[in-house]
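1. the sequence and its predicted three-dimensional model are supplied below.
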Amino acid sequence: MPKINGNEIRPGNVLEHNGGLWAAVKVDHVKPGKGGAFAQVEMRNLRNGSKLNERFRSADKVEKVRLEQKDQQFLYEDSGMLVLMDTNTYEQVQLPAELLGDRRPFLQDGMMVVVEYHEDEALNASLPQKVVCKIVETEPVVKGQTAANSFKPATLDNGVRVSVPPFVGQDEDIVVNTETMEYVERA
């Protein structure tokens with residue numbers, strides 16, 4: 001694995017530090033009035049989700065880890081485990097549903113998921129950025145209420161509650177951003 005200097009760390013980099021794999025979430029470069037400059041790095045552990053703040057000077061060397069990304073198709077869920085299929089080898093793997101976190105309700109049958117592996121261990125899974133969902137419950141459309149930029153609550157077919165514009169009604173398909181869990185547009 002390549003070693004990088006402490007001042008080359010960028011958000012999104014995966015580092016091997018203190019025997020664990022950490023993703024750099026936030027990086028601030030600090031130049032104090034006295035002493036040398038350093039990078040203040042907020043990191044999240046990829047295995048257990050714990051957070052850590054660490055200072056790296058430019059002379060410090062850190063192992064930068066490259067994760068292998070594989071496109072895999074979601075087949076079904078079985079007792080808290082997601083069963084995914086590698087579309088190249090047709091090999092099936094089981095991953096814990098916690099890998100998706102609060103984005104889990106947006107996972108749909110046959111959806112392509114990008115899974116990041118370090119050696120043979122799955123560390124992260126990400127859904128497509130936009131997903132089409134159906135609104136099952138919301139307030140009725142009120143005419144003349146479009147002047148103000150207001151939103152109303154709506155419940156989707158997967159049980160997630162989002163805010164939608166007043167012109168969107170029940171039983172309509174909408175596009176939802178899976179990262180921010182917000183309404184994007186009508187489908």
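-> Perfect, I can see it now. Numbering: from 1, shown residues only.
2. show me what counts as buried in the helix or strand hosting Val83.
-> Under the criterion of DSSP states H and E, Val83 resides in strand 81-86. Residues Leu82, Leu84 are the ones in strand 81-86 that count as buried (16 or more other CB atoms under 10 Å). Glycine gets a C-beta too; all of them are placed from N, C-alpha and C.
3. which strands and helices sit next to whichever helix or strand comes after it?
-> Helices and strands here follow DSSP H and E; after strand 81-86, the next one along the chain is strand 92-96. The contact analysis (3 or more CB pairs under 8 Å, 6 or more residues apart in numbering; DSSP states H and E) places strand 92-96 against strand 68-78, strand 81-86, strand 121-126.
4. what does the helix or strand bottoming out on mean pLDDT in the chain contact?
-> Least confident helix or strand of the chain, by mean pLDDT, DSSP states H and E, is strand 121-126 with a mean of 84. Outside strand 121-126, the residues that touch it by CB atoms under 8 Å, 6 or more residues apart in numbering are 21, 46-47, 67, 82, 93, 95, 99-100, 113-117.
5. strands paired with the strand holding Val83, and their directions?
-> With DSSP bridges as the test, strand 81-86 is paired with strand 68-78 (antiparallel), strand 92-96 (antiparallel).
6. which one, of those strands, ends up nearest to Pro153?
-> Comparison of those against Pro153 by CB to CB identifies strand 68-78 as nearest, at 27.1 Å.
7. buried sites along the closest one?
-> Lys70, Gln72, Gln73, Phe74.
8. again, but for stretch 152-168
-> Going by 16+ other CB under 10 Å, stretch 152-168 has these buried residues: Lys152, Ala154, Leu156, Val160, Val162, Val164, Pro165, Pro166, Val168.
9. so where's the protein uncertain?
-> Low-confidence segments of the chain (pLDDT under 70): 1, 142-148.
10. gap between the strand holding Val83 and the chain center?
-> Strand 81-86 sits 18 Å away from the centroid of its parent chain (CA atoms, centre = their mean, to the nearest Å).
11. could you check the angle it makes with strand 121-126?
-> Angle between the axes of strand 81-86 and strand 121-126 is 90 degrees (criterion: axes from the mean of the first three to the mean of the last three CA atoms, to 10 degrees).
12. what comes into contact with strand 81-86?
-> 70, 72-77, 91-97, 99-100, 107, 113, 115, 125.
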